[in-house]
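**Q** after the sequence you'll find the predicted model.
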Amino acid sequence: YLRHLVATGTGLRAWLFAAIRMIVPAFPVSAELEGPVRENLAVLESLVTGQTRDKLASAVTKLLQTGAIDLKRWVAGVDMSADRAGFLACNDLELASEMIKAADESSSAVAQKDRLRELVLYSTSEEYFALRRRLGLNIDA
């Protein structure tokens, strides 16, 4: 959901860095992002409290321990996960493919042909069939 609300990489980076700064106030941010990060941090501080803040602290700590933050890869993963969820919900590979083709190519971090290829591979994967079984969507023979 956030991926569609904040469509630019710079915007996503500002929100991510604001979340990090909420937990690690000394986290360095470039001058160009300082203003948006400060604004986003004010929003987060008003909304993220108690147990939710503890969960955020845990996630930020793990993220910072892994080293580099690959936002482009994360956005690509979000796009591919959305394609899979849409396919699972509609149970129609042709319809899910048409939705990918109808989307503005510039709105995704992944090229349409790559999204379509990945969706077809997913449609025949054990992961897909296992999820269908868990949801009670088995194909009875």
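**A** Here it is on my side, so go on.

**Q** for this protein, give me the ranges with low pLDDT.
**A** 1-2, 139-141 (pLDDT under 70).

**Q** okay, which residue is most central for it?
**A** Central residue of the chain (Cα atoms, centre = their mean): Val78, 3.4 Å from the mean position.

**Q** look up the closest residue to that residue, ignoring the ones flanking it.
**A** Spatial nearest neighbour of Val78, chain neighbours left out: Arg3 (4.6 Å); criterion: Cβ to Cβ, 6 or more residues apart in numbering. All C-beta atoms are positioned from the backbone trio N, CA, C, and that covers glycine.

**Q** which other helices and strands does the helix or strand harbouring that neighbour contact?
**A** Using DSSP states H and E, Arg3 sits within helix 2-5. Helix 2-5 is packed against helix 9-23, helix 71-90, with contacts defined by 3 or more Cβ pairs under 8 Å, 6 or more residues apart in numbering; DSSP states H and E.

**Q** buried ones in stretch 11-20?
**A** Within stretch 11-20, the residues scored as buried using 16 or more other Cβ atoms under 10 Å are 12-20.

**Q** among these, which one lies nearest to Leu56?
**A** Nearest to Leu56 among the buried residues of stretch 11-20: Ala19, at 6.2 Å, using Cβ to Cβ.
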